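Colleague: Please find the sequence and the predicted model below.
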Amino acid sequence: MWRNYLKTAWRNLLKNKVYSAINVLGLAAGMAVALLIGLWVYNEYSYDRFLPGYQQLYRVQRNFNSNGDTLTFRTTSPRLAIALANDIPEIEHVAISDWMSPRGLMVGDKKLIIRGAQIGGDFLKMFRYPLIKGNPNTVFSDPYSIVLTESTAKALFGDADPINKMVRYNNQHDLKVTGLLKDIPSNSTLQFNFIVPFSYLEQIDPNVKENRSTFDNNGYQIFVQLKPGATLAQVAGKIRNIEHIEKGSNNAMNSYITLQPLERWHLYSKYVNGQDTAGFLEYVNTFTLIGVLVLLIACINFINLTTARSEKRAREVGVRKAVGSRKKDLILQFLAESLVLTLIAFVFAIIFVQLALPAFNTLTEGQLALPVGNIGFWVLVLAGVIVTALIAGSRPAFYLSSFQPVKVLKSSIGSGRSSSPFRKILVVAQFSCSIALIISTVIIYQQVQHAKNRPSGYDLDRLVLTQSSSDLSRNYTALKNELIANGIASSVTTASSPATDIYWHSNLGQWPGKKADETVEMGIILVSEDYFKTMGMEIALGRDFAGLADSNRVIFNEAAIARLRIKDPINQTIRWGGRARQITGVVKDALMISPFAAADPTMFVIDPGVQDNLLYRLSPRMNPSDALAQLTAIFNKYNPAYPYQYEFADQGYAFKFKLEVLIGKLSALFAGLAIFISCLGLFGLAAYIAEQRTKEIGIRKVLGASVSQLWLLLSQDFIVLVLISCVIAAPVTYYYLHDWLQQYEYRISIQPLVFLIAAVTAIVITIITISFQAIKTALANPVKSLRTE
């Protein structure tokens, strides 16, 4: 029986090649979109879940009460790591970490500047990344040791065994390679190329050991692993106020410790009142919905074309019923046709996805691939094929099998008109989804451009950043003088943070007008001379730093002064870092963290000894490419151990828009595909309706109808349906996008023009799609269409 069903289905597909091709192409495109999105969504959900025992791994976070606002920080103190290890019996392992800016590794003449971390000894017992060589219990026994990833070891040692060989670290110390890790997977939140034990940092920096005495020094990340059977609920109450034993610390008394499960790190990055409510998960869910909608749009094409052509199958149904076929048999027959067509579409969908993956990976900076060797993948997608076949084929199957044999054999069933209202509803649903995606794409683009056009508060043009090293720090004065003397740079400075970020936040101890128990935490940037000149930031009140003579003075930005409620701030005294300091100036706000939010309250402290980041502005008189060539030679002279590396500040600033730009591009891509699939179905529907009305058109032409009148006759129904789709899509999309925009402090307001643009675009595309068939039919010779009458 099933063999007969499939054979008949195949013959029907071959008999109606054009409509079968339209259905196959539409379904293939819809399934390809759904499969691409599915691969991407699965990858996003898979982050960190490859690690054995990931359910027991957590990141320690600190909720700080800043004047009634709850600020969530991932940086905590060494003292907290000790307290968690000693005082919480449910915790099995604790690892403190310092995630550094790129550092230099050197073996002979091979030099790398790559990203790594300094991490406590229990880290590899907790995060069980595959260790090819070495023992996780002993690799960090020696403070002067290092663990490399496979690709890093190959870059430094080639094919030779790296174990027990020496690596020059940041041109300061020789470290012994004690372990070799497989390269960290791309779906790992923690990304690094090497690990150095935290005990190394304690050896070279005495301040780290001193930091153990207080909860105030929050500059490190802490990870914990709970014992088997222990739960977050058991631990949460014990650690919440663990810092409150330090009664004399305003910071500790206003900090509340929480744990975030590893499985939530990637998708839950948005915090409201100290709770991780969402984040990237919102976009993942949105695109999951888009994938389902695009697939449904493709299924609607199949339903519409099949039901519209019901007259072609009506006599077949009548004859089959007359000779004894049951309704169940006919339903199975039509579902078999749907399944055959969907399977063919699935083959093409796999081909489309394979061809599209390189470009899609480039767009998303991912490493997605079809898991063809995974049986679970094939079981899941084949189940999806069957569900798609059922969705696409169920309506036609039940509709066609319901025909009465007496009526159809008397030719009293015509053109599927009884299903016409249902078809119209489906067309409206298709275009409502497509128009909603067009509107979303426009709004996302406008929001990104709105933020990009916002004044940043500093001059990004020709501003360059280079990570410092021990040699560059030692030779800083000579380097600065040479860059300026040769006319390469107009100004040079150093800072504890790059131009486009703030690495450190701290709370102030005292300020004028402070209320009892009031706390304010703000960004802290340590700078050297010429910082504001180099950055292109404008002093609003007071003056700039005048060198070391101002070591007990600070400069606030306007947001900080507003937060502290200080009137006439110049020469007022605040207390920070254990000593009193005077306010020497107020600088205008600069967008160093998010271009979508208000400027972060920030305090600038002069400290020439802090040289983590070199900032220099290229001379406007010099071509950037020529300047970079000379910079390479000068930096190699003063920093011979490592290659010259740099980043333009405008590139770092543009990176802040990466997520929104990606979402905008994906929205545009899937909106285009949704429109394409919708128009494909519309084209087939228009072709069939034109075919059915050929004789009517011939009579109208004989009676004097013009081509434009006939075009309008064939097109107006579709245009009305698209207009109805616009009316439905507009309020739904407005509601969703208005809610999406609320996450941004600096945002656009949605204008009516956006909906007008989307409507005009949809109508123009519709007219182009149906005009070919409408004009072709209108131009046909009426003699040919009426010859059989």
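Modeller: That came through, no problem.

Colleague: Going by neighbour count, which residues in stretch 555-575 are buried?
Modeller: 555-561, 563-564, 566, 569, 572, 574 (16 or more other CB atoms under 10 Å). Where C-beta positions appear, they are placed from N, C-alpha and C, glycine not excepted.

Colleague: Quickly name whichever of the residues you listed is closest to Ile245.
Modeller: Ile574 (26.8 Å; CB to CB).

Colleague: Leaving out sequence neighbours, find the closest residue to that closest one.
Modeller: Nearest residue to Ile574, sequence neighbours excluded (CB to CB, 6 or more residues apart in numbering): Trp511, at 4.4 Å.

Colleague: Next: Leu682.
Modeller: Thr769 is the one closest to Leu682 (CB to CB, 6+ apart), at 5.2 Å.

Colleague: How many residues are close by that neighbour?
Modeller: Residues lying near Thr769 (other CB atoms under 10 Å) number 22.

Colleague: cool, the one 3 residues further on as well?
Modeller: A count of nearby residues for Phe772, using other CB under 10 Å, gives 13.

Colleague: if I look at it, how far off is Gln716?
Modeller: Counting by CB to CB, to the nearest Å, the separation of Phe772 from Gln716 is 16 Å.

Colleague: close enough to count as contact, the residue nearest to Leu682 and Phe683?
Modeller: Yes. With contacts counted by CB atoms under 8 Å, Thr769 reaches Phe683, the gap being 5.3 Å.

Colleague: show me where the stretch 651-789 of the chain has helices.
Modeller: In the stretch 651-789 of the chain, the helices defined using DSSP state H, counting those that start in this stretch lie at 658-692, 694-702, 707-741, 752-779, 782-786.

Colleague: What's the separation between Asn241 and Arg62?
Modeller: Taken as CB to CB, the span from Asn241 to Arg62 is 12 Å.

Colleague: Show me which of those two is the more surrounded one.
Modeller: The neighbour count for Asn241 versus Arg62, taken as other CB under 10 Å, is higher for Arg62 (24 against 13).

Colleague: wait, is that one part of a strand?
Modeller: Yes. The assignment for Arg62 by DSSP: H, G, I helix; E, B strand; the rest coil puts it in a strand.

Colleague: Show the contacting residues for it.
Modeller: Arg62 makes contact with 72-76, 218, 255-258 under the criterion CB atoms under 8 Å, 6 or more residues apart in numbering.

Colleague: Now do the helices in the stretch 51-200 of the chain.
Modeller: Under DSSP H, counting those that start in this stretch, the stretch 51-200 of the chain gives helices at 78-87, 123-126, 150-157, 198-204.

Colleague: Now the helix or strand just after the last one: buried residues?
Modeller: Spelled out, it's helix 198-204. Sequence order places helix 206-210 as the next helix or strand after helix 198-204, per DSSP states H and E. Within helix 206-210, the residues scored as buried using 16+ other CB under 10 Å are Val208.

Colleague: Relative to the whole chain's centre, how far out is helix 206-210?
Modeller: 38 Å (CA atoms, centre = their mean, to the nearest Å).

Colleague: ok, the nearest residue to Gly487 once chain neighbours are set aside - how many residues close by?
Modeller: With CB to CB, 6+ apart as the criterion, Gly487 has its nearest non-adjacent residue at 5.3 Å, and that residue is Ser619. Neighbour count for Ser619, taken as other CB under 10 Å: 18.

Colleague: and Ser619, what is it in contact with?
Modeller: 462, 487-490, 627 are the contacts of Ser619 under CB under 8 Å, 6+ apart.

Colleague: I'd like to know which of these are part of helices.
Modeller: Ala627 (DSSP state H).

Colleague: how about the nearest residue to Asp87 once chain neighbours are set aside, what does it touch?
Modeller: Leaving aside its chain neighbours, Asp87 sits nearest to Ile242 (6.9 Å; criterion: CB to CB, 6+ apart). Ile242 sits next to 80, 83-84, 87-88, 257 when contact means CB under 8 Å, 6+ apart.

Colleague: quick one: Ile242 and Arg62, what's the gap?
Modeller: 11 Å.

Colleague: Flag the shaky bits of the stretch 201-350 of the chain, pLDDT-wise.
Modeller: Within the stretch 201-350 of the chain, the segments meeting pLDDT under 70 span 307-327, 329-330.

Colleague: in it, which spans are helices?
Modeller: Using DSSP H, counting those that start in this stretch, helices in the stretch 201-350 of the chain cover 206-210, 232-239, 250-253, 280-308, 310-322, 327-364.

Colleague: In the stretch 451-600 of the chain, what residue spans correspond to helices?
Modeller: Going by DSSP H, counting those that start in this stretch, the stretch 451-600 of the chain shows helices at 470-474, 476-485, 531-535, 558-564.

Colleague: Now do the last one: everything it contacts.
Modeller: Applying CB under 8 Å, 6+ apart, the external contacts of helix 558-564 come out as 67, 508, 511-514, 520, 522, 540, 556, 569, 574, 586-589, 598-603.

Colleague: can you check the longest one too?
Modeller: The list of residues contacting helix 476-485 from outside it, by CB under 8 Å, 6+ apart, reads 468, 472, 489-492, 494, 611, 614, 616, 631, 634-635, 638.

Colleague: Now with 6 Å, please.
Modeller: With CB atoms under 6 Å, 6 or more residues apart in numbering as the test, helix 476-485 has contacts from 489, 492, 611, 634, 638.

Colleague: list the buried ones in that helix?
Modeller: Result for helix 476-485 [16+ other CB under 10 Å]: buried residues 476, 479-480, 482-484.

Colleague: With pLDDT and distance to Thr777 as new columns, can these be given to me in a markdown table?
Modeller: Listed next are the buried residues of helix 476-485 as a markdown table, based on pLDDT from 0 to 100; distance: CB to CB, whole Å:
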| residue | pLDDT | distance to Thr777 |
| --- | --- | --- |
| Tyr476 | 92 | 79 |
| Leu479 | 94 | 77 |
| Lys480 | 94 | 77 |
| Glu482 | 94 | 78 |
| Leu483 | 94 | 74 |
| Ile484 | 94 | 76 |
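
Colleague: Return the distance of stretch 260-277 from the chain's centre.
Modeller: Using CA atoms, centre = their mean, the offset of stretch 260-277 from its chain centre is 15 Å.

Colleague: which residues touch that stretch?
Modeller: In contact with stretch 260-277 (CB under 6 Å, 6+ apart) are residues 47-48, 54, 57-59, 61, 63, 70, 72, 189, 278-281.

Colleague: Likewise for stretch 233-240?
Modeller: 88, 90, 256-257.

Colleague: how does it look with 7 Å?
Modeller: 84, 88, 90, 226, 256-257, 259 (CB atoms under 7 Å, 6 or more residues apart in numbering).

Colleague: And for stretch 600-607?
Modeller: 502, 522-528, 545, 550-551, 554-557, 559-560, 563, 592-593.

Colleague: What subset of those is buried?
Modeller: 502, 522-528, 545, 550, 554-557, 559-560, 563, 592-593.

Colleague: Restricted to strands, list those.
Modeller: 522-527, 554-557 (DSSP state E).

Colleague: got those as a markdown table, with distance to Ile184 and pLDDT columns?
Modeller: Formatted as a markdown table, those follow (distance: CB to CB, whole Å; pLDDT from 0 to 100):
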| residue | distance to Ile184 | pLDDT |
| --- | --- | --- |
| Met522 | 34 | 89 |
| Gly523 | 30 | 90 |
| Ile524 | 31 | 92 |
| Ile525 | 30 | 94 |
| Leu526 | 31 | 94 |
| Val527 | 34 | 94 |
| Val554 | 40 | 95 |
| Ile555 | 40 | 96 |
| Phe556 | 40 | 96 |
| Asn557 | 37 | 96 |
